[in-house]
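Asks: Sequence isn't available, so here's the structure alone:
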């Protein structure tokens, strides 16, 4: 018998533990072409919050009382596929559980070498693809640009900061609290704004970027997006990755500076990581080299034990994680 987290009710606003239940799942026999994987880690991410609503989006919503899904890494423990042998490490999308049965075609091998399993749920996974292509292709950032990154202490934002510095950009990051701000500075950010400190966020951004910003990489939405519109230079480029500050509210968010989009000729583009999957090899070649040479730092907040899955997810909305939040199912 396996165990998996299910969504038992749809949240109204911020989720809580009552929305989740850990349930037994019967282990069925494998069909031809399938593998059974014992997960070692699974990922929790902000995009999972909109999936808890019964609305159409770029990823289907979670079904009530069915095992939840998300990126995971683990070992093949049984196989009826020529693609994988017992003991192979793989990445797949059936997280939130201890074991998963899936078509081998839906798993990616983890190469042998010095990189950790965690890297394939972070810098070498969809998180890294989002940071790399969002900055360099969506926002078309280039050397010399002034780049503002919100949630710069999080999984995506911390990679954006480092990729921007590797390409000769000036980076301003926002984060909440002294510890996270120190972490963002350690990544090479030229200035860090504590969004939790008193005062107007727009005034803080104006102080950090007196000549304005060329690029905004948005993970937050709300006040920080509005401030970025105000401080942007003419023809600035915005890559809209996520809006974690708005996921748990049904109230419309006012934008005092929205008319600047016209006068400043801003380019604002939303995107998701799967837009760039056909170009994954380009990303892997660069990121693998940076990781191997120690040019990219990774940091994880690891929650120990399958039973802590919802707690790990909820930490994303309270500032309880620095870097990528992961759940370790087993060592």
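Replies: Received it, and whenever you're ready, just let me know what you need. Bear in mind the structure is a predicted one, so any value in this text is a computation, not a measurement.
Asks: Could you use CA atoms for every contact and neighbour count after this?
Replies: Fine.
Asks: Quick one: mean pLDDT for whichever strand or helix holds residue 224?
Replies: Taking DSSP states H and E as the definition, one finds residue 224 inside helix 222-231. Per-region confidence: helix 222-231 scores 95 on mean pLDDT.
Asks: roughly how far is it from the heart of the chain?
Replies: Between the mean C-alpha location of helix 222-231 and the chain-wide mean there is a distance of 21 Å, by Cα atoms, centre = their mean, to the nearest Å.
Asks: try stretch 258-274
Replies: For stretch 258-274 - counting by Cα atoms, centre = their mean - the centre lies 21 Å from the chain centre.
Asks: Below-threshold pLDDT in the stretch 1-150 of the chain: ranges please.
Replies: By pLDDT under 70, the stretch 1-150 of the chain has no low-scoring segment.
Asks: Can you give me the buried ones in the helix holding residue 224?
Replies: 222-231 (16 or more other Cα atoms under 10 Å).
Asks: Going by contacts, tell me the helices and strands next to that helix.
Replies: If contacts are counted by 3 or more Cα pairs under 8 Å, 6 or more residues apart in numbering; DSSP states H and E, helix 222-231 sits against helix 201-208, strand 213-218, helix 260-263.
Asks: what about the stretch 201-331 of the chain, any weak spots by pLDDT?
Replies: Along the stretch 201-331 of the chain, the parts satisfying pLDDT under 70 run over 245-254, 331.
Asks: Let me see the ranges of the strands in it.
Replies: With DSSP state E, counting those that start in this stretch applied, the stretch 201-331 of the chain shows strands at 213-218, 232-240, 267-270, 300-304, 324-328, listed in chain order.
Asks: Go through those and name the closest to residue 105.
Replies: Taking Cα to Cα as the criterion, residue 105 comes closest to strand 324-328 out of the strands of the stretch 201-331 of the chain, the separation being 24.2 Å.
Asks: helix or strand right after the strand or helix carrying residue 4?
Replies: Using DSSP H and E, residue 4 sits in strand 2-7. From strand 2-7 onward toward the C-terminus, using DSSP H and E, the following helix or strand is strand 20-25.
Asks: circling back to that earlier point, out of the buried residues of helix 222-231, which comes closest to residue 174?
Replies: Proximity of the buried residues of helix 222-231 to residue 174, judged by Cα to Cα, is greatest for residue 224, which lies at 8.9 Å.
Asks: Next up, the contacts around that closest one.
Replies: Taking Cα atoms under 8 Å, 6 or more residues apart in numbering, we find residue 224 in contact with 150, 201-202.
Asks: Let me see the domain layout of this structure.
Replies: 2-122+298-328, 126-274 (automatic domain parsing).
Asks: State the distance from the nearest residue to residue 158 once chain neighbours are set aside to residue 259.
Replies: Leaving aside its chain neighbours, residue 158 sits nearest to residue 152 (4.9 Å; criterion: Cα to Cα, 6 or more residues apart in numbering). When distance is defined by Cα to Cα, to the nearest Å, residue 152 is 26 Å away from residue 259.
Asks: Between the two, which has more neighbouring residues?
Replies: The residue with more neighbours, out of residue 152 and residue 259 and counting by other Cα atoms under 10 Å, is residue 152; that gives 34 against 11.
Asks: and the gap between that one and residue 189?
Replies: Residue 152 is 9 Å from residue 189, by Cα to Cα.
Asks: got any residues that touch both of these two?
Replies: Common neighbours of residue 152 and residue 189, using Cα under 8 Å, 6+ apart, are 161, 173.
Asks: The strand holding residue 4 - contacts with which helices or strands?
Replies: Using 3+ Cα pairs under 8 Å, 6+ apart as the contact criterion, the elements in contact with strand 2-7 are strand 20-25.
Asks: just checking, what packs against the next helix or strand after the strand it packs on?
Replies: Following strand 20-25 in sequence order, the next helix or strand is strand 34-43 (DSSP H and E). Contact here means 3+ Cα pairs under 8 Å, 6+ apart; on that basis strand 34-43 packs against strand 72-79, strand 99-103, strand 324-328.
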